[in-house]
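Undergrad: sequence and predicted structure, then a few things I'm wondering about:
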There are 2 protein chains.
Amino acid sequence: MLPFDAERLQRVMRAHHADVILATTRHNVRYLTGGYYLSFYARAPRFGGGQYLSVVGIPAAQPESAFYVGRQDGVLNEQDYIDAFGPFWIADRRWITRGPSMTAAAAAAAAQALRDKELGGATIAVESSFLPADALDALRSGLPDASFINATPILGELRAVKQPAELERLRQVHQVTAQAIRAVLAEGRPEHTTRQIAGMVQRRIEERGAGFLYVFTNVGPGFLRAPSSIQWGRGRPMHVDAGAEMDEYIADIARMGSIGAPPALAMDLFTACLDAQERIRGAVTAGLACRDLWRIGTEAVTAGRWGRYGRFLAHGLGMVSHEPPEVAEQSRGTLEPSMVLSIETEYLHPDAGHIKTEDTVVVTPTGSEGLGDVAREWCTVPAA
Amino acid sequence: MLPFDAERLQRVMRAHHADVILATTRHNVRYLTGGYYLSFYARAPRFGGGQYLSVVGIPAAQPESAFYVGRQDGVLNEQDYIDAFGPFWIADRRWITRGPSMTAAAAAAAAQALRDKELGGATIAVESSFLPADALDALRSGLPDASFINATPILGELRAVKQPAELERLRQVHQVTAQAIRAVLAEGRPEHTTRQIAGMVQRRIEERGAGFLYVFTNVGPGFLRAPSSIQWGRGRPMHVDAGAEMDEYIADIARMGSIGAPPALAMDLFTACLDAQERIRGAVTAGLACRDLWRIGTEAVTAGRWGRYGRFLAHGLGMVSHEPPEVAEQSRGTLEPSMVLSIETEYLHPDAGHIKTEDTVVVTPTGSEGLGDVAREWCTVPAA
């Protein structure tokens, strides 16, 4: 039993004319193995003169003849980690030992596996914006008759439709992130700089058991989003737009607040953000063309009094931010059940600042469902 | 004023016949810029169909004509982050915009910079076990007359001698890590599995403001170091060997403990670990040949009653674990003041388990100094 939709993988690989996929990034190795990655290197891949690299190889025609390349030597036996993880569907496991280039050695082992399986002349999809250069050189030299294409769009399309356990993980990380942002806004003080706010967001995310990824901060008026020495002050709109992860699944959420009552203009713009979110969510449903969603979202934000300051963006979200489905004027895809979208509605007004809300929904057969609808309202901190 | 030893960089580059160095990993970009890295991508480099890549390019002959490639567009203006960071010694900054391959675009911008500086035919050192394959392809295509060599040994030799601020950071992260391990051992219970212990180590490291990297756990007898469902139990030796980081600087520490009194054999082996550590530390000093340290360490561990179970390892440590200096039988280097060494002394005894201690020292002109000498003694938890 494969831990992903093998039929979808085969279909997407055929559409991209890929005979074999070689996954090498941490998130895609986890996705294809059903959650496994060697923990020693998961957060510290660099080591000695290079870095760790594992490979999951899957032939489109015969997924059951997939192979795995990991590391096995006197100091670190990866098989121990696989045993501790539990059952692992790929039986053909190959090992490299610690050496001057673990990346080139792993790639050479993958090339050998493909020659063993008589796939030396295949079209091989590799994660070319991630695969180390010396690993691709080793593949090219070990497989002189092969052609190489980019695996990232294939794996993105495969992952676009989420399984129930993935949706549960996304729900959890979004709720934790929304709670963390709320906690930080509520404990803010006028003298806090946006750099301090950023540090507080990291701590509040980590103490809830998620991994901190990034945070944008803006104090209006002004559009600077980089955490800096700017202080929050009183009556100034603050947006916190943060990313976090749990087991590779990413949350992306933006919330607003102020110390004391916000300016009426900022609140008007915030109401416009929420109204646009409602209109867009009301339109999201399985079967909607992505380009139609783009049009509906753009109209929702740019219609009305503040339209000329408005900006709309929707993007797929899962193990990667801005993964498929793509929502743009020229998109050719269609929303499917269990796809996940982050929806951003925002107004950049010179007299108010960057007023924004961002939330994530899962597409259902008949509509959509919020994954992190926690503390969406404006957070007004009592002014001392 | 460059934030690193420019004279050392030039010397090492000349020894490797490199005309230009292109640094692209997060840690080396931080090292060469004096601490800067775009925070949005620091923990979440993957984005859309690719990942973020920045480049620091330094010509050996003219370090002052160095250049930087980052990202600047309507959504994310890296210059804002550089301004918030503070002064940045590289004035020639070039920007790419979000696109299908940020990695190839950054490499193409670097190739253009090198052509502008009439270095199109140079020998260019790239981090070939890290640089994405499509970025090297873009460099090759933009610089058809250039030669490419591996930058990792060059940057490793450059970083091997630490500056005072780096030593302070290493001291801090080692002390935090030693305290975290001690706290976990002290709160251990017989029913805790090594997987639970691993999770506790992560939390205790993070709550002290460091980043968790990895943890090995062993309950003796038996040599398994992968966190698993094995319970600690009573009177069984546990080793916790953990890695953590602060601002890219890595700690690597191993400590021992048991619930109730440990077996006498385990304590004998532990005493042998500490005795060997003392002998080795007593030998470490500037001017010592690395291969002599290897010989002294090996003798210290393999002499005496438990010698045939003993293992010795010393490795450089800083932004990378197992970075230069190399300490091996054939090493040709010599210890210099402000180099940093992690020293591992261990006994793998079938009746006791994997008994180990690991600590980090900085080489001084006349000896060495411990960086994380906190709670080195065996931790005996009172049995309930």
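TA: Received the coordinates, thanks. Residues are numbered from 1 along each chain as shown, chains lettered A, B, ... in the order given.

Undergrad: from B:A106, how far off is the residue nearest to the spatial centre of chain A?
TA: Of all residues in chain A, the one closest to the mean position by Cα atoms, centre = their mean is A:V320, 2.3 Å from it. In this view, A:V320 and B:A106 are 18 Å apart by Cβ to Cβ, to the nearest Å. (C-beta placed from N, C-alpha, C; glycine too.)

Undergrad: quick one: is stretch A:32-46 near chain B?
TA: Yes - Stretch A:32-46 comes into contact with chain B (Cβ under 8 Å from any Cβ of the partner chain), by way of A:S39, A:F40, A:Y41, A:A42, A:R43, A:A44, A:R46.

Undergrad: neighbour-wise, which one of these leads?
TA: Among the residues of stretch A:32-46 next to chain B, the one with the most neighbours (other Cβ atoms under 10 Å in any protein chain shown) is A:R46, at 24 neighbours.

Undergrad: tell me where the stretch 101-250 of chain A has helices.
TA: A:102-116, A:133-142, A:152-160, A:164-186, A:194-206 (DSSP state H, counting those that start in this stretch).

Undergrad: buried residues in the first one, which are they?
TA: Of the residues in helix A:102-116, A:102-114 count as buried by neighbour count, 16 or more other Cβ atoms under 10 Å in any protein chain shown.

Undergrad: quick one: average pLDDT of that helix?
TA: Helix A:102-116 comes out with an average pLDDT of 97.

Undergrad: just checking, what packs against it?
TA: With contacts defined as 3 or more Cβ pairs under 8 Å, 6 or more residues apart in numbering or on different chains; DSSP states H and E, helix A:102-116 has these neighbours: strand A:50-51, strand A:55-59, strand A:67-71, strand A:92-96, helix A:133-142.

Undergrad: in a markdown table: those, plus mean pLDDT.
TA: Formatted as a markdown table, those follow (pLDDT from 0 to 100):
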| stretch | mean pLDDT |
| --- | --- |
| strand A:50-51 | 96 |
| strand A:55-59 | 98 |
| strand A:67-71 | 97 |
| strand A:92-96 | 96 |
| helix A:133-142 | 98 |
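
Undergrad: for chain B, what is the nearest residue in the stretch 251-384 of chain A?
TA: A:H322 (4.0 Å; Cβ to the nearest Cβ).

Undergrad: can you pull the pLDDT of that residue?
TA: Taking A:H322 on its own, its pLDDT is 96.

Undergrad: I'd like to know how many residues surround the residue nearest to A:V55 when sequence neighbours are not counted.
TA: Distances taken as Cβ to Cβ, 6 or more residues apart in numbering or on different chains put A:V69 closest to A:V55, at 4.1 Å, once the chain neighbours are dropped. By other Cβ under 10 Å, the residues close to A:V69 number 25.

Undergrad: wait, A:P132 touches B:L131, no?
TA: Yes - between A:P132 and B:L131 there is a contact under Cβ atoms under 8 Å: 6.7 Å.

Undergrad: A:I343: which element?
TA: For A:I343, the host element (DSSP states H and E) is strand A:340-349.

Undergrad: tell me the mean pLDDT for that strand?
TA: 98.

Undergrad: what's the answer for stretch A:144-164, then?
TA: 98.

Undergrad: how about stretch A:174-184?
TA: 98.

Undergrad: what comes up buried for that stretch?
TA: A:H174, A:Q175, A:V176, A:T177, A:A178, A:Q179, A:A180, A:I181, A:R182, A:A183, A:V184.

Undergrad: for chain B, what are the nearby residues on the stretch 101-250 of chain A?
TA: So the stretch 101-250 of chain A meets chain B at A:101-104, A:126, A:128-137, A:150, A:152-153, A:156, A:195, A:198, A:206-207, A:211-214, A:216, A:224-229, A:243, A:245, A:250 (Cβ under 8 Å from any Cβ).

Undergrad: can we see that at 7 Å?
TA: Proximity of the stretch 101-250 of chain A to chain B (Cβ under 7 Å from any Cβ of the partner chain) is limited to residues A:101, A:103, A:128-134, A:136, A:152-153, A:156, A:206, A:212-214, A:224, A:226-228, A:243.

Undergrad: return the set of buried residues in stretch A:358-366.
TA: A:E358, A:D359, A:T360, A:V361, A:V362, A:V363.

Undergrad: what of stretch A:280-294?
TA: A:I280, A:R281, A:A283, A:V284, A:T285, A:A286, A:L288, A:C290, A:R291, A:L293, A:W294.

Undergrad: between these, which sits nearest A:P164?
TA: Nearest to A:P164 out of the buried residues of stretch A:280-294 is A:A286 (Cβ to Cβ; 15.9 Å).

Undergrad: circling back: export the helices and strands packed on helix A:102-116 to CSV and append columns for distance to A:V12.
TA: What follows is the helices and strands packed on helix A:102-116, written out as CSV (distance: least, Cβ to Cβ, whole Å):
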stretch, distance to A:V12
strand A:50-51, 28
strand A:55-59, 12
strand A:67-71, 20
strand A:92-96, 23
helix A:133-142, 21
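
Undergrad: closest one to A:P3 among those?
TA: Per Cβ to Cβ, nearest to A:P3 of the helices and strands packed on helix A:102-116: strand A:55-59, 11.2 Å.

Undergrad: what about A:H354, how many neighbours?
TA: Count around A:H354 with other Cβ under 10 Å applied: 27.

Undergrad: SS state for it?
TA: Following DSSP: H, G, I helix; E, B strand; the rest coil, A:H354 is assigned to strand.

Undergrad: excluding its backbone neighbours, what's nearest it?
TA: Spatial nearest neighbour of A:H354, chain neighbours left out: A:N218 (4.2 Å); criterion: Cβ to Cβ, 6+ apart.

Undergrad: who's in contact with the one you found?
TA: Listed by Cβ atoms under 7 Å, 6 or more residues apart in numbering or on different chains, the contact partners of A:N218 are A:L224, A:R225, A:M238, A:H239, A:G353, A:H354.

Undergrad: neighbours of the residue lying closest to A:V381 once chain neighbours are set aside, how many?
TA: If you skip the residues right next to it in sequence, A:V381 has A:I259 as its closest partner in space, 4.6 Å away by Cβ to Cβ, 6+ apart. Neighbour count of A:I259, defined by other Cβ under 10 Å: 22.

Undergrad: could I get the buried residue list for stretch A:200-219?
TA: A:200-206, A:208, A:210-219.

Undergrad: and it, how far apart are its ends?
TA: 16 Å (Cα to Cα, to the nearest Å).

Undergrad: quick check: mean pLDDT across it?
TA: pLDDT averaged over stretch A:200-219 gives 96.

Undergrad: how about stretch A:352-370?
TA: On average, the pLDDT along stretch A:352-370 is 98.

Undergrad: from the chain's centre, how far out does it sit?
TA: 16 Å (Cα atoms, centre = their mean, to the nearest Å).

Undergrad: residues contacting A:L131?
TA: By Cβ under 7 Å, 6+ apart, the neighbours of A:L131 are A:T24, B:P132, B:A133.

Undergrad: again with A:L317
TA: For A:L317, the contacting residues are A:I250, A:D252, A:E323, A:V340, A:L341, A:S342, A:T360, by Cβ under 7 Å, 6+ apart.

Undergrad: dump these into CSV; add distance to A:A15 as well.
TA: Shown next, in CSV, are the contacts of A:L317 (distance: Cβ to Cβ, whole Å):
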residue, distance to A:A15
A:I250, 26
A:D252, 28
A:E323, 17
A:V340, 21
A:L341, 22
A:S342, 25
A:T360, 27
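
Undergrad: name the nearest of those residues relative to A:L119.
TA: Among the contacts of A:L317, and counting by Cβ to Cβ, the member closest to A:L119 is A:E323, at 27.4 Å.

Undergrad: re the thing from before, for the residue nearest to the centre of chain A, phi and psi?
TA: phi -130, psi 140 (degrees, to the nearest 10).

Undergrad: and it, how close does it get to A:T364?
TA: From A:V320 to A:T364 the distance is 22 Å (Cβ to Cβ).

Undergrad: quick one: secondary structure of A:P87?
TA: Under three-state DSSP, A:P87 comes out as coil.

Undergrad: A:G57 versus that one, what's the distance?
TA: 19 Å.

Undergrad: neighbour count winner among those two?
TA: Using other Cβ under 10 Å, the more surrounded residue of A:P87 and A:G57 is A:G57, with 26 against 9.
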